[in-house]
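Enquirer: how would this look folded up:
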Amino acid sequence: AASVECELLPMLQQFASQPHTADRQAQVKDTLGKLVRLCLVPNTREPHALNQRLLRHLKVHEAIFRILEMPLDPASQAGSLADSTPSSSASSDSTPRQPLSSGGTLGRATTAQLPSIFRGCYAFLRLFCYQNRANQHELYPRLVFFLGQLPLCLGVELTLTELFRNNRQLCQRVSPAVLDPLVSLLLAHGPDPNVLRFFQAVVVAEGSPIRSNQTAVVRRLVQHPQLMRVDADDPGKLRTLVARWRGDETKEPAGELGYHLQLVHLLARCSLGKSHECESVCQNLISVDRCLEVLNDPSMNAWVKAAYATFLDEVWLNTAVADAVVLLQNMGAFWQYLSECRNLLVAFCEALTPEQQRRNAAELDLS
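Expert: As a prediction, the model looks like this:
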C-alpha cells in the first residue's frame, strides 16, 4: 500500500499534469506494468481481490483516466490507428470531459509513445475489474468515455468485456447505444474476435441468458451479412482456414479462423435458454449435417470441434422446438460422433495414473 501511495500513484498524477520527456514515459510504462501485476496473484491468472480493493480505495483508476484524457498529436494518433491501437477524449457518465492541459502543446517526439501508454492504461483497467464486481461498478460510470475511444483501436473492447463479464446487473443495462458502436467498429476495421467476445459476455451473465441482449445482437448480425462469416455453404473454406493456421494449439486461434470460431460460439450463446427467434436464425446458418461433418472430420482441431459441439448442443439439441425429422436423418453421423467421444474418454482415463483414477472415483463417489 505504501509503495502504491508514495511512489506509483504520484508518478501517474505528475505525468498527466506536467510536461514530460521520453524518460518520464518509460517510467510511466514501468509503473503501469507494476500496477497490472498487482491485480493478479503472482504466477497465476487469478485476481488478487485484496490488491484490487486497495487500488480502488487509493483511486488509482482516477489517475489512469487523467492520462487517458490527454490529447494526442494527430501524427501519433494516426500511427496508433495503423498499429490497431488508439485513444480520444470522451467522458465519464454522460457529461463529456475536456482533455487536461499538459502544460502546453506536446511535441511530436514526446507524443509518439502515448498510444502504447494508453494501451497499458487499458490493460490495467481490464485487470482492475477482472472478476471484481465492486470495481466493475466503479468503472461503469465511465462507459460513455470507453465507447468514445473505441474507434481509436486501443483495445477498449477488451476492457469493456471485463467490465460486463458475469455481472448480470450491468448486462441488463446494455442498450443499442452500447451495442451499435461495437458493430461500427467491426464494419470499419474488419473482423475482430475480441469484439465478438464482448457480445458473448453481455448475452449470458452468471450462467443465465439475457433474452433482450441475445435478440439485439442476433438482429444486428443479420442486418450486416458481412459480419456473418460462417461459410456454411463452403465446407472447404473451414478446412483451408484450419490448414493455414499455424499458431500454438494450446492457445485459441486468432485472425480469420479465430473470428469464425468466436462467431459460432456467439451464435450458440445467443440460443442459450431456448430463444426461438435466435434458434431459427442460427439453424438457417449452420445445419445439423454441417455440424456433424465438422465434428467427424479428423483434420479439425480441438478448438474447431469445441465451437461446433457447443453450437450443435444449444441450437439443435437443447432447443425450444426440436426438429426430430432432421435429427433422425443424421442419426448415423450422430453415432459416429458419440463413438469418437467415447474413444477419447477411454483414452483419457487410460492415461491417468492409478492414484488419479482412485482420486477421481472418490470425488465422483464411484469407488
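
Enquirer: and residue 63, how many neighbours does it have?
Expert: Applying other CB atoms under 10 Å, we find 22 residues neighbouring residue 63. From N, CA and C alone the C-beta is placed, and that goes for glycine too.

Enquirer: hang on, I meant residue 209
Expert: For residue 209, the count of nearby residues is 19 (other CB under 10 Å).

Enquirer: next one: residue 144
Expert: Neighbourhood size, residue 144 [other CB under 10 Å]: 18.

Enquirer: helix or strand for the residue nearest to residue 27 when sequence neighbours are not counted, which one?
Expert: Closest residue in space to residue 27, ignoring its immediate chain neighbours: residue 11 at 6.1 Å, by CB to CB, 6 or more residues apart in numbering. For residue 11, the host element (DSSP states H and E) is helix 9-17.

Enquirer: by contact count, what packs against that helix?
Expert: When contacts are defined as 3 or more CB pairs under 8 Å, 6 or more residues apart in numbering; DSSP states H and E, helix 9-17 packs onto helix 22-38, helix 60-68.

Enquirer: what's residue 224 sitting at in phi/psi?
Expert: Here is the backbone geometry of residue 224 (degrees, to the nearest 10): phi -130, psi 80.

Enquirer: repeat for residue 40
Expert: According to degrees, to the nearest 10, residue 40 has phi -120, psi 150.

Enquirer: pretty sure it is in contact with residue 126, am I right?
Expert: No: contact between residue 40 and residue 126 fails when scored by CB atoms under 8 Å: they sit 11.0 Å apart.

Enquirer: now the helices and strands packed on helix 9-17 in CSV, with distance to residue 160 and mean pLDDT?
Expert: Listed next are those as CSV, based on distance: least, CB to CB, whole Å; pLDDT from 0 to 100:
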stretch, distance to residue 160, mean pLDDT
helix 22-38, 18, 87
helix 60-68, 14, 92
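
Enquirer: Packed most tightly, which of those helices would that be?
Expert: Ranked by average neighbour count under the criterion mean count of other CB atoms under 10 Å, these are headed by helix 60-68 at a mean of 20.

Enquirer: Now do that one: distance to the chain's middle.
Expert: The chain centroid and the centroid of helix 60-68 are separated by 22 Å under CA atoms, centre = their mean, to the nearest Å.

Enquirer: repeat for stretch 270-281
Expert: For stretch 270-281, the distance to the chain centre is 22 Å (CA atoms, centre = their mean).

Enquirer: So for it, first residue to last residue, what's the gap.
Expert: End-to-end distance for stretch 270-281: 10 Å, by CA to CA, to the nearest Å.

Enquirer: Outside of that stretch itself, list whatever touches it.
Expert: For stretch 270-281, contacts defined as CB atoms under 8 Å, 6 or more residues apart in numbering pick out 203-204, 208-209, 211, 214-215, 217-218, 222, 267, 282, 314-315, 318-321.
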